[in-house]
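J.: coordinates only, sequence not included:
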């Protein structure tokens, strides 16, 4: 059993190092994997942000052009208001003609609330609301911006109200060609791989630039194509919902087994039109890898350092295991030893007796003695504490010499000692061992110059007759000790006198 106990303790020593090391390695591995995953997520966010910023720039160009168009239309409307006696006057028409000439508008219109109108070619209309996009005209919220796709050509309109404080007198409307996407897009690194498109609110591609491909051809309907694609991130419905709410974003669609593309989208403010950019997923993945290369190198180097550290730690552990075992044994002995007597201290004495009774001594007869030096307080008071310590130390030395190595002898109080004798096979041996303990004090003297003959009162209990546990044995021996003291001290008493 003792060998098994030593083996268990040795295993525990190994586990004290191995378990934390393994846990540390697992924690570091998990942390590094998590760090790398987060780095890739951040890298993807950075790539998405990069293309989103491009989208913001492109739509900004259209919004700026639209802003100037609205400002021009409003200036024309203000001019016509000053000459509102006849909105169709030559003066107003000539102004509209000059604006179209100077700002490259296709055509201009002056429209009255009854939908009669005149354009810059001086053509008169009796009900212009019957003509294409003019059916959307509103004299309450007098702004119209939309694409009209006719003859394969995208046409945009912008309007401004001619109004006084009391009423709307009419509208001025300018028709113009949206700026060519090729003129807006300035990304030479991507122009051959990406697709850039201007799209109407109902999904029709009004203009495009970049990679040639059937999936975003001019005048085709992107929404119809999206309805047939498989989406791996977000959805077609989410894209339409975002655009209807004026939000930007992106979706990832699988066009076929070999072509997965990102579609970035962004509304062009107030125009009801959108800018769309399509990027191959391979380019996104390549940029993510480039953006996360530092994180990948850091993870690899950290793992390498961790492996070297663990190998070094195991080597050190193996080299120092024997040394540490010996040092630990010395520390344990010191922790269990009474400094004055070199006997076991109270805690160690109790633990060793309990361990013996629970294992090897469970079915064997044993004997416990409790010694209490008589009149020890008087010794300290009359002869000094130093001499009292000498009495204790001398008794400890004599007890160490008297008993077997495997017997348990300890100092369990100031002047109290406990002796536990193992495996006493018969009553004669019990008697002889009791006489041997009693004989220690027949001529026990202390002091080199001043001789002092110390005596002791001794209480005895026997296992398992008197008790079957350490606590029971100690209590029985303690009661026997007080029996001896009450009889006049300097004697031995048994818990059970017979």
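T.: Received the coordinates, thanks. Being a predicted model, the structure only gives us computed values, none of them experimental.

J.: from here on, contacts and neighbour counts on C-alpha atoms
T.: Will do.

J.: remind me which residues of the stretch 101-250 of the chain are low pLDDT?
T.: Counting by pLDDT under 70, the stretch 101-250 of the chain has low-confidence residues at 140-154, 179, 187-190.

J.: all strands of the stretch 351-498 of the chain, in order?
T.: Using DSSP state E, counting those that start in this stretch, the strands of the stretch 351-498 of the chain run over residues 366-373, 408-411, 416-421, 445-446, 452-453, 456-463, 492-494.

J.: Now mean pLDDT, mean neighbour count and distance to residue 157 too, for the ones you listed, in CSV please.
T.: Listed next are the strands of the stretch 351-498 of the chain as CSV, based on pLDDT from 0 to 100; neighbours: other CA atoms under 10 Å; distance: least, CA to CA, whole Å:
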stretch, mean pLDDT, mean neighbour count, distance to residue 157
strand 366-373, 93, 24, 112
strand 408-411, 92, 26, 107
strand 416-421, 94, 22, 110
strand 445-446, 84, 18, 122
strand 452-453, 82, 14, 125
strand 456-463, 93, 27, 111
strand 492-494, 92, 23, 119
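
J.: which one of those lies closest to residue 39?
T.: Closest to residue 39 of the strands of the stretch 351-498 of the chain is strand 408-411 (CA to CA; 63.7 Å).

J.: Show me what that closest one is packed up against.
T.: The helices and strands touching strand 408-411, judged by 3 or more CA pairs under 8 Å, 6 or more residues apart in numbering; DSSP states H and E, are helix 346-358, helix 385-402, strand 416-421.

J.: if we can go back for a sec, for the strands of the stretch 351-498 of the chain, which one sits closest to residue 133?
T.: strand 408-411 (109.2 Å).

J.: what's the distance between that closest one and the middle of its chain?
T.: On the basis of CA atoms, centre = their mean, to the nearest Å, strand 408-411 sits 54 Å off its chain's mean C-alpha point.

J.: so what's the spatially closest residue to residue 81 that is not a sequence neighbour up against?
T.: Distances taken as CA to CA, 6 or more residues apart in numbering put residue 162 closest to residue 81, at 5.7 Å, once the chain neighbours are dropped. Neighbouring residues of residue 162 by CA atoms under 8 Å, 6 or more residues apart in numbering: 77-78, 80-81, 168-172.

J.: partners of the helix or strand hosting residue 162 in the sheet?
T.: Applying DSSP states H and E as the criterion places residue 162 in strand 153-163. In the sheet, strand 153-163 lines up against strand 147-150 (antiparallel), strand 168-176 (antiparallel) (DSSP bridges).

J.: buried sites along it?
T.: 154-163 (16 or more other CA atoms under 10 Å).

J.: Likewise for stretch 40-56?
T.: Neighbour counts over stretch 40-56 (16+ other CA under 10 Å) mark 40, 43-44, 47-48, 51-52, 54-56 as buried.

J.: what's the spacing between it and its chain's center?
T.: For stretch 40-56, the distance to the chain centre is 24 Å (CA atoms, centre = their mean).

J.: cool, and stretch 285-297?
T.: With CA atoms, centre = their mean, you get 21 Å for stretch 285-297.

J.: Run through who's touching that stretch.
T.: Contacts for stretch 285-297 (CA under 8 Å, 6+ apart): 35-36, 39-40, 43-44, 47.

J.: Which of those residues fall within strands?
T.: Among those, none falls in strands (DSSP state E).

J.: any idea what residue 232 is structurally, helix, strand or coil?
T.: For residue 232, the secondary structure call by DSSP: H, G, I helix; E, B strand; the rest coil comes out as strand.

J.: Just give me the neighbour total for it.
T.: The number of residues packed near residue 232 is 13, by other CA atoms under 10 Å.

J.: That one and residue 254 touch, don't they?
T.: Yes - using CA atoms under 8 Å, residue 232 is in contact with residue 254, at 7.0 Å.

J.: what do these two both touch?
T.: Counting by CA under 8 Å, 6+ apart, residue 232 and residue 254 have no contacts in common.

J.: Surely residue 122 and residue 93 touch.
T.: Yes - Residue 122 is within contact range of residue 93, at 7.4 Å (criterion: CA under 8 Å).

J.: Counting neighbours, go ahead and name the busier of these two.
T.: Taking neighbours as other CA under 10 Å, residue 122 and residue 93 compare with residue 93 leading, 21 against 15.

J.: How about the contacts made by that one?
T.: Counting by CA under 8 Å, 6+ apart, residue 93 makes contact with 110, 119-120, 122.

J.: Return a ChimeraX selection command for the buried portion of those residues.
T.: ChimeraX command restricting the contacts of residue 93 to the buried ones, with burial defined by 16+ other CA under 10 Å:
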select :110,119,120
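
J.: For residue 319, state which of the contacts of residue 93 is nearest.
T.: Nearest to residue 319, judged by CA to CA, of those is residue 110 at 98.3 Å.

J.: Point me to the helix or strand that includes that closest one.
T.: In the assignment (DSSP H and E), residue 110 maps to strand 107-111.

J.: What angle do strand 153-163 and that strand make with each other?
T.: Between strand 107-111 and strand 153-163, the angle comes out at 40 degrees (axes from the mean of the first three to the mean of the last three CA atoms, to 10 degrees).

J.: packing partners for strand 107-111?
T.: Counting by 3+ CA pairs under 8 Å, 6+ apart, strand 107-111 packs on helix 90-103, strand 117-119, strand 168-176.

J.: How about residue 119: what's its closest non-neighbour residue?
T.: Once flanking residues are discounted, residue 119 sits nearest to residue 109: 4.2 Å by CA to CA, 6+ apart.

J.: If you could redo that for residue 78, that was the one I meant.
T.: The shortest distance from residue 78 to any residue other than its chain neighbours is 6.5 Å, reached at residue 162 (CA to CA, 6+ apart).

J.: Residue 169 versus that neighbour, what's the distance?
T.: Using CA to CA, to the nearest Å, residue 162 is found at 5 Å from residue 169.

J.: Quick check: neighbours shared by the two?
T.: Common contact partners of residue 162 and residue 169 (CA under 8 Å, 6+ apart): residue 81.

J.: beta partners of the residue nearest to residue 119?
T.: Beta-bridge partners recorded for residue 109 (DSSP bridges): residue 119, residue 173.

J.: show me the contacts for it.
T.: 96, 117-120, 171-174.

J.: Could you do residue 204 as well?
T.: 218-223.

J.: Compute the inter-axis angle for the longest helix along the chain and strand 107-111.
T.: Longest among the helix segments of the chain by residue count, using DSSP state H, is helix 2-82. Between helix 2-82 and strand 107-111, the angle formed by their directions is 70 degrees, by the same axes, to 10 degrees.

J.: And helix 2-82, how far out from the chain middle?
T.: Using CA atoms, centre = their mean, the distance from the centre of helix 2-82 to the centre of the chain it belongs to is 14 Å.

J.: which helices and strands does that helix pack with?
T.: Using 3+ CA pairs under 8 Å, 6+ apart: helix 2-82 touches helix 90-103, strand 153-163, strand 168-176, strand 259-268, strand 273-280, helix 281-291, helix 293-336.

J.: Give the other helices and strands that the fifth one contacts.
T.: What it means is strand 273-280. Using 3+ CA pairs under 8 Å, 6+ apart: strand 273-280 touches helix 2-82, strand 195-199, strand 259-268.

J.: Isn't residue 88 up against residue 118?
T.: Yes - counting by CA under 8 Å, residue 88 touches residue 118, with 6.6 Å between them.

J.: Can you pull the residues that touch both of those two?
T.: The contact sets of residue 88 and residue 118 overlap at residue 110 (CA under 8 Å, 6+ apart).

J.: I'd like the buried residues of strand 153-163 written out as CSV, with distance to residue 412 added.
T.: Below are those laid out as CSV (distance: CA to CA, whole Å):
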residue, distance to residue 412
154, 105
155, 106
156, 104
157, 105
158, 104
159, 106
160, 106
161, 108
162, 111
163, 110
